[in-house]
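[1] Generate coordinates for the sequence data below:
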Amino acid sequence: MSPPTKNQPKRLQRSLYGLLSLVLSIILFTPPLFALNDGQQLVLETWRLVNEGYVYPSRFEEVHWRDLRKKAIKKTISTSEDAYTAIEAMLLPLGDPYTRLLRPKDYEAMKASNLGSEINGVGLQLGARSKDGQIVVIAPLEGSPAADAGVISGTTVLEVDGESPKSLGLEATAARLRGEVGSQVVLEIQPPGEESKELVLERRSVDLRPVRTRRLRDEAHTLGYLRITQFSEGVPQLVEEALEELSEKDIEGLVLDLRNNSGGLVSSGLAVADAFLSNEPIVETRNRDGVSDAIPAGEKTLYDGPMVTLVNGGTASASEILAGALQDNGRSQLIGSLTFGKGLIQSLTDLSDGSGLAVTVAGYLTPNGKDIQNHGINPDRLLDQPEPLNPGGAEDRWLHDAELLMQANLDRLSTDLVQDIENYSEKNEATIPLLDTPQ
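    Residues are numbered from 1 along each chain as shown. A predicted model of the protein is given here:
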């Protein structure tokens, strides 16, 4: 072996510098494999929120939840629409139509509805039927094109402008029904127990008017009528004002009408329940850990007089919480028909691009432990079918039945009061000691 020359260390040093420069160039100028674009970040953000809050974590193992995340990220995502499609495909195996992505336009429309403003559309409140995933009508909005056309609760929506609602999903179907005033939408629907039929509806501006009230009078009694069609943000204040107005008119009893109230903000429903109950439990909630928390009413009530409550198949979600609380606490009889049966609570979260995410985070039970999801609430008294199509209108037979029941209850209370006074008087007369007669 020949001895090293003076130039070999210098050549080795130059080689090492060259190799180091090459490595640094690769590190500095080659994009990292784990860098994600905005669309991919949105997918991961959605996955994380569902993973942390979804009420049924056992579903994650069943649907291979982590694999669904990897599969979604591997897709080509270069636009917002690509991200939305990937997210919807990722959420679909959960089998929960209420855990869903809301595109920015749809999310804004939902928030506007919760604020109680007007909406442009046909006025259908929709839900997903658990047994088959079909999109069904919870209730038509009062005064809407759908209500005017006679669409009833429980109707299955088979097509919207030729597209399948079951494939579109709940929120996309609702979005198809909204649109420019004067435009038309073609529906194929199937009312309960009937053949399917085509219906053409013209969109228009629908005033939500969530709280309506008036006085009901006959020769013997003065009653108040309070109708709540949804639980949007301002409803508790409107209900408080309505009850104050009715109290000033010296009502003897109240008819509360929750028919076709598909719910809305649970917080608003709880606040209204608080107006009628004092220290009684309103609802129990169960989260993913199985914790059951009873939510009680406060001590103060806005109305503590006699009342009856009307419900039907369009009474859902937050309105079922209220109805169940009134029934289980013996505060009000429920009359009408079986309610819809939506006993799940969703959280709404703003996503980074202006879209929204609804996640089912809890279920609820009535104070007596009745599970509402897929079961509904049975009223204390069923009313005769067919159900009136115009709740609160002049031809509303069910409202007339509620008035008669309320009047009968008031008459019975009056009779019981007279009897109690007579019994009290007789008892006290028998026990009053006789005074000695002066001598």
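[2] correct me, but Gly314 touches Ala139?
    Yes - using C-beta atoms under 8 Å, Gly314 makes contact with Ala139 at a distance of 3.0 Å. All C-beta atoms are positioned from the backbone trio N, CA, C, and that covers glycine.
[3] ok, now how distant is Glu88 from Gln41?
    In this view, Glu88 and Gln41 are 17 Å apart by C-beta to C-beta, to the nearest Å.
[4] Same question for Gly253.
    Counting by C-beta to C-beta, the gap from Gly253 to Gln41 is 57 Å.
[5] More neighbours: which of the two?
    Using other C-beta atoms under 10 Å, the more surrounded residue of Gly253 and Gln41 is Gly253, with 21 against 15.
[6] give me phi/psi at that one?
    The phi/psi pair for Gly253 (degrees, to the nearest 10) reads phi -160, psi 170.
[7] One more: Arg227?
    phi -110, psi 130.
[8] Kindly report the same for the one 10 residues further on.
    Dihedral angles phi and psi of Gln237 (degrees, to the nearest 10) take the values phi -70, psi -40.
[9] Helices along the stretch 251-400 of the chain, start to end?
    Taking DSSP state H, counting those that start in this stretch, the helices of the stretch 251-400 of the chain run over residues 266-276, 318-328, 397-431.
[10] Report the buried residues of the first one.
    The reference is to helix 266-276. By 16 or more other C-beta atoms under 10 Å, the buried positions in helix 266-276 come out as Val266, Ser268, Gly269, Leu270, Ala271, Val272, Ala273, Asp274, Ala275, Phe276.
[11] shouldn't the fourth one be in contact with Ile282?
    Yes - the pair Leu270 / Ile282 is scored as a contact, 5.9 Å apart, by C-beta under 8 Å.
[12] and for the two, which residues touch both?
    Contact criterion C-beta atoms under 8 Å, 6 or more residues apart in numbering; residues shared by Leu270 and Ile282: Ile295, Ile321.
[13] how far away is Pro236 from Ala242?
    Noted for Pro236: a distance of 11 Å to Ala242, by C-beta to C-beta.
[14] residue contacts, the nearest residue to Ala109 once chain neighbours are set aside?
    Nearest residue to Ala109, sequence neighbours excluded (C-beta to C-beta, 6 or more residues apart in numbering): Arg178, at 6.1 Å. Taking C-beta under 8 Å, 6+ apart, we find Arg178 in contact with Ala109, Ile119, Asn120, Gly121, Arg203.
[15] Can you list the low-confidence ranges for this structure?
    Within the chain, the segments meeting pLDDT under 70 span 1-34, 113-118, 130, 414, 416-439.
[16] Which residue ranges make up the domains of it?
    Following automatic domain parsing, one finds the domains of the chain at 38-95, 120-206, 211-412.
[17] what helix or strand is Gly182 on?
    Assigned by DSSP states H and E, Gly182 falls within no helix or strand.
[18] wouldn't it be in contact with Arg203 here?
    Yes - here Gly182 reaches Arg203: they are 6.9 Å apart, a contact under C-beta under 8 Å.
[19] Report the separation between Thr315 and Asn260.
    From Thr315 across to Asn260, the span is 7 Å (C-beta to C-beta).
[20] Tell me which of these two has more neighbours.
    Thr315 (34 against 28).
[21] From Arg259, how far off is that one?
    Distance, Thr315 to Arg259, by C-beta to C-beta: 6 Å.
[22] okay, now Pro93: neighbour count?
    Burial measure for Pro93: 13 neighbouring residues, criterion other C-beta under 10 Å.
[23] and it, backbone torsions?
    Per degrees, to the nearest 10, the backbone of Pro93 is at phi -60, psi -20.
[24] give the contact list for it.
    Val63, Leu68.
[25] what angle do the host helix or strand of Leu243 and helix 266-276 make?
    Element membership of Leu243 [criterion: DSSP H and E] is helix 235-248. Taking axes from the mean of the first three to the mean of the last three C-alpha atoms, to 10 degrees, one finds helix 235-248 and helix 266-276 inclined to each other by 20 degrees.
[26] Start at 58, not 1
    Yes, from this point I'll number from 58; that puts the last item at helix 292-305.
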